[in-house]
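Asker: structure for this input, please:
(one chain, ligands or ions: 1)
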Amino acid sequence: MDKIVALCKRRGFIFQSSDIYGGLANTWDYGPYGVELKNNLKRAWWKSVVYERDDVFGMDAAILMHPKVWEASGHLKSFNDPFIKCPACSNFFRLDKIWDEIWNSPWFTSLRETMMGDKDTLQMIRWAKHEGKKLAPNLNFVKHPEVTVSWIGDLHYKFGGVDLDFKNYVGIIARSRDGVSRIPCPNCGNQLPEESMAANLMLETLFGPVKETAQKVYLRPETAQGMFVNFLNILDSKHPKLPFGLAQIGKAFRNEVTPRNFTFRTREFEQMEIEYFVRPEEADKQLAEWIAARFNWYINLGIKKENLRKRPHAKDELAHYAKACTDIEYNFSFGWSELEGIANRTDFDLKQHSEVSGKDLKYFDEASKERFFPYIIEPSGGVDRSVLAFLVDAYREEKVKDDTRVVLSLHKDLAPTKVAVLPLLKNRPELVGLARKIAADLKKCFITVYDDTAAIGKLYRRQDEVGTLYCVTIDVPSLEDKQVTVRDRDTMKQDRVSIDKLKEYLEEKLA
Ligand code: GAP
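Answerer: Predicted structure coming up:
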């Protein structure tokens, strides 16, 4: 992940927000390549779920909505993440993620690596007195290693082995001398309090220029509600038959307790959501179809199959509105993590909005003359998380002779730049003139850049790093034979192509 973060900054994909002021924590800006990648991803999603189907319509609802929307949706009451604050280091942790946080924490990772295989308690004591002191100074085991070890006895803990009981083990090393065992802080090892706090995740703002009379409104935490409250408008304007859906891409905001992992969990992010209205008896079938369709979308855009999985939710992790949900997860360096959730929201939302607004949001079926609330199947994905997954998945380093080539092997529909035009010599005006003319012609058809600011080897590496699909090189013979060299990003294979056939050649490759 560090390499991706560095590449994103170096090449202009993603920057820390408000960088010159020291940055606003966990807030990110997309630079020239980042915005192209993000737009390409959103375009690919829209094409797949709106243009290639007859039954899904696009929408773009306002971010600010009537406060009653959030009362009806249940967000004001139930959109909480219980969290714990460490009394020693003041860090916050989500209760539902606490064991993952410990497992991935620097101190537990270090202890686990030290104890990998058949190790004895002496190694543990050595760890406590050295790495432990630096990484988890408040962990009871670090403060009193001999006491902890006397509890453990001569057991050999085989980390990574089948006999590891992670939570019990952590319970022992966090136990204080008087025998009280509580969950340790993933940051400093201190015992965490038993009581958690509840944080409402809704961000508020004031609607109106005068503070005293302004109305409190919320920055939407999901785009979904904008589609539910337009259900009647869509029925009245498009007269669709079930099943049909609405699709929307837009910003959402959540006061996350623990924003982290680059753009993975932030307080401002973008969602791509579909609300697909179905007859209740067809909900299970439609849910299964959408799970398959959405999974294949990522695979068809190049994500490696072994890095993607479907994970059905257990009953106790379902959102307050959902009857079933399956996450599509990516295998990030920080563990399998959600890119998209596909949920059966039942008739919860339409019923709630009917009740609170007083408007009848039932659907009338002409054929059967029934009036009923449709169920909703909701594939809900994150734009920023997908961009991150596609970046990580496409990144590779290759040995080329004595050099290392960094390549972003992005799918052709996602690559920010399709073609780079590079003159071999920048001090030959006729070469530069021809190259600029070719670039200007290609720009009318493909996202094309012109670059003559370095030697050709360096120019190629630069384009490989940002995922440019084809490099067109203009050399001295081009002036005579009217041909150019086209280099393929992935294979580095070069073709000599006639200038007057170049556009067709690239069109065919990029189709
Ligand atoms: N309407 C349903 C809904 O919002 P969710 O699982 O809370 O469901 C859907 O969010 C998607 O939005 C997630 O799968 C994720 O990709 C993205 N997302 C949610 N919270 C996010 C955050 N704090 N930062 C970045 N993306 C987030």
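
Asker: could you find the closest non-adjacent residue to residue 216?
Answerer: Nearest non-adjacent residue to residue 216, counting by CB to CB, 6 or more residues apart in numbering: residue 204, 5.7 Å away. Glycine gets a C-beta too; all of them are placed from N, C-alpha and C.

Asker: typed the wrong thing, it's residue 218
Answerer: Leaving aside its sequence neighbours, residue 218 sits nearest to residue 202 (CB to CB, 6+ apart; 4.8 Å).

Asker: which element is the nearest residue to residue 133 once chain neighbours are set aside on?
Answerer: The spatially closest residue to residue 133, leaving aside those adjacent along the chain, is residue 142, at 5.9 Å (CB to CB, 6+ apart). Using DSSP states H and E, the element containing residue 142 is helix 140-143.

Asker: contacting residues around residue 23?
Answerer: 16-17 (CB atoms under 8 Å, 6 or more residues apart in numbering).

Asker: how close does it sit to the ligand?
Answerer: Here the criterion is CB to the nearest ligand atom, to the nearest Å. By it, residue 23 lies 17 Å from the ligand.

Asker: thinking again about what came up before, so the residue nearest to residue 133 sits right up against residue 131, yeah?
Answerer: No - with contact defined as CB atoms under 8 Å, residue 142 does not count as touching residue 131 (9.2 Å).

Asker: neighbour count for these two, which is higher?
Answerer: Between residue 142 and residue 131, residue 142 has the larger neighbour count (other CB atoms under 10 Å), namely 25 against 17.

Asker: now residue 123: which helix or strand?
Answerer: Using DSSP H and E, residue 123 sits in helix 121-129.

Asker: ok, the residue nearest to residue 151 when sequence neighbours are not counted - contacts?
Answerer: Closest residue to residue 151 apart from its sequence neighbours, by CB to CB, 6+ apart: residue 172 at 5.7 Å. By CB under 8 Å, 6+ apart, the contact set of residue 172 is 141, 148, 151-152, 181.

Asker: do stretch 371-380 and the ligand come into contact?
Answerer: Yes - Stretch 371-380 reaches the ligand (CB under 6 Å from any ligand atom) through 378, 380.

Asker: separation between the residue nearest to residue 218 and residue 297?
Answerer: According to CB to CB, to the nearest Å, residue 202 and residue 297 sit 30 Å apart.

Asker: the residue lying closest to residue 88 once chain neighbours are set aside: neighbour count?
Answerer: Of all residues beyond its chain neighbours, the one nearest residue 88 is residue 190 (3.8 Å), with distances taken as CB to CB, 6+ apart. By other CB under 10 Å, 21 other residues sit near residue 190.

Asker: ramachandran angles for residue 190?
Answerer: Backbone torsions for residue 190, taken as degrees, to the nearest 10, come to phi -60, psi 150.

Asker: Provide a list of residues in contact with it.
Answerer: Counting by CB under 8 Å, 6+ apart, residue 190 has contacts 86-89, 138-139, 184.

Asker: which one of those has the most neighbours?
Answerer: The most crowded member of those, judged by other CB under 10 Å, is residue 184 (28 neighbours).

Asker: now it: how far from residue 139?
Answerer: From residue 184 to residue 139 the distance is 6 Å (CB to CB).

Asker: what is in contact with these two at once?
Answerer: Both residue 184 and residue 139 are in contact with 173-174, 190, where contact means CB under 8 Å, 6+ apart.

Asker: enumerate the residues of the stretch 101-250 of the chain near the ligand.
Answerer: Close to the ligand, as judged by CB under 6 Å from any ligand atom, the stretch 101-250 of the chain has residues 222, 224.

Asker: need the strands for the stretch 101-250 of the chain, in chain order.
Answerer: With strands called from DSSP state E, counting those that start in this stretch, the stretch 101-250 of the chain shows them at 197-200, 203-207, 215-219, 244-253.

Asker: what angle do strand 215-219 and the longest one make with each other?
Answerer: If you take axes from the mean of the first three to the mean of the last three CA atoms, to 10 degrees, strand 244-253 sits at 110 degrees to strand 215-219.

Asker: same for the helix or strand just after strand 244-253, what does it pack against?
Answerer: Where DSSP H and E defines the elements, the next helix or strand beyond strand 244-253 is strand 268-278. Contact here means 3 or more CB pairs under 8 Å, 6 or more residues apart in numbering; DSSP states H and E; on that basis strand 268-278 packs against helix 32-46, helix 224-228, strand 244-253, helix 283-300, strand 375-382, helix 383-394.

Asker: in a markdown table: those, plus distance to residue 402 and mean neighbour count.
Answerer: Below are the helices and strands packed on strand 268-278 laid out as a markdown table (distance: least, CB to CB, whole Å; neighbours: other CB atoms under 10 Å):
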| stretch | distance to residue 402 | mean neighbour count |
| --- | --- | --- |
| helix 32-46 | 28 | 19 |
| helix 224-228 | 53 | 23 |
| strand 244-253 | 45 | 21 |
| helix 283-300 | 36 | 17 |
| strand 375-382 | 40 | 25 |
| helix 383-394 | 24 | 23 |
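
Asker: what sits against residue 456?
Answerer: Per CB under 8 Å, 6+ apart, neighbours of residue 456: 422, 424, 473.

Asker: just the buried residues out of these, in ChimeraX syntax.
Answerer: Paste this into ChimeraX to select the buried members of these, with burial taken from 16 or more other CB atoms under 10 Å:
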select :422,424,473
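
Asker: would you mark the buried spots in the helix or strand bottoming out on mean pLDDT in the chain?
Answerer: Lowest on mean pLDDT, DSSP states H and E among the helices and strands of the chain sits strand 197-200, with a mean of 80. Neighbour-count burial for strand 197-200 flags 199-200 (criterion: 16+ other CB under 10 Å).
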